[in-house]
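Generate a structure from the sequence data that follows.
(chains A and B)
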Amino acid sequence: MIDDTNFTKDVRVRFCPSPTGWMHIGSMRNILFNYLWAKKCNGKFILRVEDTDVERKVEGGIESIYENFAAYGIEIDEGPQVGGDYGPYVQSERLDIYKKYSEELLQKGSAYHCFCSEDRLKELRENQIKNKQQPMYDGKCRDLSPDDVQKKIKAGEKYVIRLKVPRTGFTEYEDVNHGKVRVKNELIDDQILLKSDEYPTYVFAVVVDDYLMKISHLIRGEEYVSSTPKTILIYEAFGWKMPYLIQPPNVLNPDGRKKLSKRGGSNAALKFLRKGYLLEALWNFLALLGWSPSDKDGNPDEIYSMDELVKLFDLRRIRKSGSRFLPDKLDHFNGHYIREMDDSELADRIFEWIDNIVLHDFVSDKYLELLDWEKKLIEDTKKYHPLWKGKREYFEKILPLVKERLHYLAELPELLSFFYDEKLEYSKDDFKKFSNAKDNLKTLWAELKPVLEKSWEHETWENTIRVYADKAGWKHGDMFMLLRVAVTGRTASPPLFECMEILGLEKCDSFVNDCIKFLE
RNA sequence: GCCGCUAUCGUCUAGUGGACCAGGACAUAGGAUUCUCAAUCCUAGAACCGGGGUUCGAUUCCCCGUAGCGGCACCA
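Numbers count the residues shown, from 1 in each chain, chains lettered A, B, ... in the order given. All right, here's what the predicted structure looks like:
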């Protein structure tokens, strides 16, 4: 059983990205689980960069990791840029450490030199697959005599260091969420620990670093489950105590299949920020993907602030099965947080979003293609941002009208355009349902304009339209709609009266006249 | 192919050997409100993968099947 007494003590957790250029939204969920646990237990959150794959390593990779953390507002207690007592925090700077520990395993007889060429291994694997066998190392170098080994090394033969996995018996471990898992040793490959370029492999580096950095809880994606027995065997070979193990299920694509896609970067963490999802909403949504509080502790509406999440979060309540990533609920949360904010704060947030996210150059963007909606957003933002910011009072007056229709901030340019454009674009279709739209609009406006010139009182204004609608034999709603299309260029808009009041008589007059011209 | 993990409304999930004809949220539909679209409020439909056990009783425990996921690299 999991030892509960120490479960929340001396907590040190870590997230270990590879510097491949950009970060994935699914990773953010795992980061959140680590982060929440650290905060909850007054522990430390550590960032370690796993750059042991020389080929996949990318220029600016570490910076792009940092900019993601910064944009998501995650504070790092120890890491490459902030330092800490257990550094260095970049694996390529720790090669001598791995070398030393691999020698320890060699001495203990838990590891061995392997001189097999990559070509031989490839051939071996192909044959095994052809013969429907499990592809794994055949142990050719496992029992070389020390003399042979020395001779080969002297002769300059390249080698790797492999773990000597027992041929019989079982390896067992206990996972906080899954309980005991047991694997036959004969199915575990003699894992390479140190590659021929003297870089460690992932499994080895992780064990050594987690041990040296005193990591208390290993919270990492389900994709590592299969390599966990190897991890355990390395811990056992060293005689080290294993940290608590938590392997949250993967976040899956909305179609329900497969790990959340990495292709094209459409699920890049930064894209969600660029789309205008607020951090509050993102965290709220992500936290609930694979974890939930009990009914007793939870809120019925599932709205949780970061503080509440910290209070309620518990690694032991993480689910076992994968969750699909459907943005509907994210939209809902985002709308909620937008509506909850007062207008001035929302305005601040919008401008911050534009400066720090939308129009900001990220290192990650070098490795992510801009999607069509992003290109359009950037273009629109460049056009409207100065106008929005230029007259903040006007902007803040508009916000309450649009904020309850807003799912994410990227919708703003479209939603607000008629408040800022000099000309509107009309569509014939919008007038189809009205008989004699042009004349009615003309007469209506002729009657309404003098009323508005006198006063903007809601009742007189509304009454004028109703009276005219009766005269024309129209449904009242249709008359409102006609005017709406004329003044906003669209059939769905915030309440007509408020829109017109903000636009002002001059602008309304100009739009209506444009519209009449359009109808001719 | 082999190994491991998993399986509750469309989706995210709660829950338990009897208090569950299974609770919440999102989405959907209908209604109220209304100048449209929203927002808000109300209502409705919607699930324990299949088959065997164990048991007085199983959605809950066990086995098998099925399906999904993950992995099987000198990637992480």
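
any low-confidence regions in chain A?
Filtered on pLDDT under 70, chain A yields the residue ranges A:1-3, A:255-257, A:264.

all strands for it, in order.
Here chain A has its strands, by DSSP state E, at A:12-15, A:44-47, A:111-114, A:160-163, A:170-175, A:179-184, A:192-194, A:217-219, A:244-246, A:251-252, A:323-324.

Identify each buried residue in the fifth one, please.
To tie it back to what came earlier, the one meant is strand A:170-175. A:171, A:173, A:175 (16 or more other CB atoms under 10 Å). Yep, even glycine has a C-beta here, placed from its N, CA and C like the rest.

That strand pairs with which strands?
strand A:179-184 (antiparallel) (DSSP bridges).

cool, the third one as well?
Using DSSP bridges, the strands paired with strand A:111-114 in its sheet are strand A:160-163 (antiparallel).

ok, now the last one?
Using DSSP bridges, the strands paired with strand A:323-324 in its sheet are strand A:251-252 (parallel).

The strand it pairs with and RNA strand B in contact?
Yes - Strand A:251-252 lies within reach of RNA strand B by CB under 7 Å from any atom of the strand, at residue A:252.

Now tell me what touches that strand from outside.
A:25-26, A:29, A:258-260, A:289-290, A:322-325 (CB atoms under 8 Å, 6 or more residues apart in numbering).

same deal with stretch A:80-100?
Contacting residues not belonging to stretch A:80-100 are listed as A:46-52, A:62, A:66, A:76-79, A:193-194, A:198-200, A:204-205, A:208-209, A:212-214 [CB under 8 Å, 6+ apart].

ditto for stretch A:465-483
Against stretch A:465-483 from outside (CB under 8 Å, 6+ apart): A:431, A:433-434, A:437, A:440-441, A:443-444, A:447-448, A:491, A:496, A:512.

Need the distance between the two termini of that stretch.
Counting by CA to CA, to the nearest Å, you get 9 Å between the two ends of stretch A:465-483.

Just the buried residues of it, please?
If you call a residue buried by 16+ other CB under 10 Å, then stretch A:465-483 has these buried ones: A:465, A:468-469, A:472, A:474, A:478-483.

With adjacent residues omitted, what lies nearest to the residue of the stretch 251-400 of chain A found nearest RNA strand B?
Nearest residue of the stretch 251-400 of chain A to RNA strand B: residue A:321, at 2.7 Å (CB to the nearest atom of the strand). Residue nearest to residue A:321 in three dimensions, not counting chain neighbours: residue A:249, with 5.6 Å by CB to CB, 6 or more residues apart in numbering.

swap in residue A:47?
That would be residue A:79: by CB to CB, 6+ apart, it lies 3.4 Å from residue A:47.

Reformat the buried residues of stretch A:465-483 as CSV; add distance to RNA strand B.
CSV is the format used below for the buried residues of stretch A:465-483 (distance: CB to the nearest atom of the strand, whole Å):
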residue, distance to RNA strand B
A:465, 8
A:468, 13
A:469, 10
A:472, 15
A:474, 12
A:478, 8
A:479, 8
A:480, 3
A:481, 6
A:482, 10
A:483, 8
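
any idea how chain A splits into domains?
By the assignment in automatic domain parsing, chain A contains the domains A:94-246, A:329-420, A:428-519.

Need these in TSV (columns: distance to residue A:8).
Shown next, in TSV, are those (distance: least, CB to CB, whole Å):
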stretch	distance to residue A:8
domain A:94-246	9
domain A:329-420	28
domain A:428-519	49
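
Figure out which of these is closest to residue A:281.
Among the domains of chain A, the nearest to residue A:281 by CB to CB is domain A:329-420 (3.9 Å).

so how far does that closest one reach from one end to the other?
31 Å.

That one near RNA strand B anywhere?
Yes - interface with RNA strand B: domain A:329-420 contributes A:329, A:331-332, A:335-336, A:339, A:404-405 (CB under 7 Å from any atom of the strand).

And for stretch A:423-439?
No - Stretch A:423-439 is not in contact with RNA strand B by CB under 7 Å from any atom of the strand; minimum separation 10.5 Å.

Determine how far that stretch lies from the middle of the whole chain.
43 Å (CA atoms, centre = their mean, to the nearest Å).

quick one: terminal-to-terminal distance for it?
OK, stretch A:423-439 end separation, CA to CA: 21 Å.

For it, list every residue counted as buried.
Residues of stretch A:423-439 classed as buried: A:424, A:426, A:430-431, A:434, A:437 (neighbour count, 16+ other CB under 10 Å).

give me the number of residues near residue A:489?
21 (other CB atoms under 10 Å).
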